[in-house]
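Engineer: Sharing a sequence plus its predicted fold:
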Amino acid sequence: MTVLPSTEFLHLVIDGQTRNVVRLHERNCTCGRFQLDDIPCPHAMAVIQKFHMDSYKYCSDYYSIDYLLKTYEIPVNLLPDETTWQIPEHVSLQVVLPPKGKIKPRRPKKKRGIGGWEGNTVTCALCGRKGHNRRTCRNIPKRD
C-alpha cells in the first residue's frame, strides 16, 4: 500500500486499484471498516505504521483489558432446577401447536413481483384494449 499524506491527519492510501482516504483524528476511512469495528482498518494501519505511531491509541476503549474485566464484574445468577419452577396454572394449561402448512423447498425468485400499481398495463396493438398484447388477442378484427 502506498501512503500519500495530504495534511497531518488526512492521508490517501492507494491499495492496488482502490484509493481510500484515511482521517486518523476522526477515526474514519472511506472503506468503512475503521468506523464499523472501532479498530484501525488495513488502510489506517498502513498510515500508522508509516509514521511509527501507536496503533492502540486508535482502538476503541471497549477492546481494552479494563473493559473486559468490567464485563464480568457483575455476578450472573443461574436459573434454579426446572422441577422447582412455579408456573401459573393458566400458563401451563395453554397448548402451543406447530404452525399450519409447510414451506415447500424451491429455488428462490430472481426478481420480485411487481404489483399492478407499479408497472405499466399492457395495451393490445390490434384492438387497443388493455390487459393483453397482440399475440394473445382474441378480438382480432376480420379481414375481407
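Structural biologist: Great, that's in hand.
Engineer: contacts, neighbours, all on C-alpha from now
Structural biologist: Fine.
Engineer: Pick out the residue nearest the middle of the protein.
Structural biologist: Taking Cα atoms, centre = their mean, the centroid of the chain lies closest to Leu36, which sits 11.9 Å from it.
Engineer: does it count as helix, strand or coil?
Structural biologist: helix (DSSP: H, G, I helix; E, B strand; the rest coil).
Engineer: again, but for Asn133
Structural biologist: coil.
Engineer: With Arg19 instead?
Structural biologist: strand.
Engineer: Skipping its backbone neighbours, what lies nearest it in space?
Structural biologist: Val13 (5.8 Å; Cα to Cα, 6 or more residues apart in numbering).
Engineer: hang on, that neighbour is in a strand, isn't it?
Structural biologist: Yes. Counting by three-state DSSP, one finds Val13 located in a strand.
Engineer: what about it, neighbour count?
Structural biologist: By the criterion of other Cα atoms under 10 Å, Val13 has 22 neighbours.
Engineer: Next: Thr71.
Structural biologist: Count around Thr71 with other Cα under 10 Å applied: 11.
Engineer: next one: Cys124
Structural biologist: The burial count for Cys124: 17, using other Cα under 10 Å.
Engineer: doesn't Arg134 make contact with it?
Structural biologist: Yes. With contact defined as Cα atoms under 8 Å, Cys124 reaches Arg134; the gap is 5.0 Å.
Engineer: picking up where we left off before, please report the distance of the residue nearest to Arg19 from Val3.
Structural biologist: To Val3, Val13 is 5 Å away according to Cα to Cα, to the nearest Å.
Engineer: again, but for Phe34
Structural biologist: The value you get for Phe34 to Val3, if Cα to Cα is used, is 16 Å.
Engineer: How about Leu78?
Structural biologist: 52 Å.
Engineer: Equivalent analysis for Thr83, please.
Structural biologist: Taking Cα to Cα, one finds Thr83 at 64 Å from Val3.
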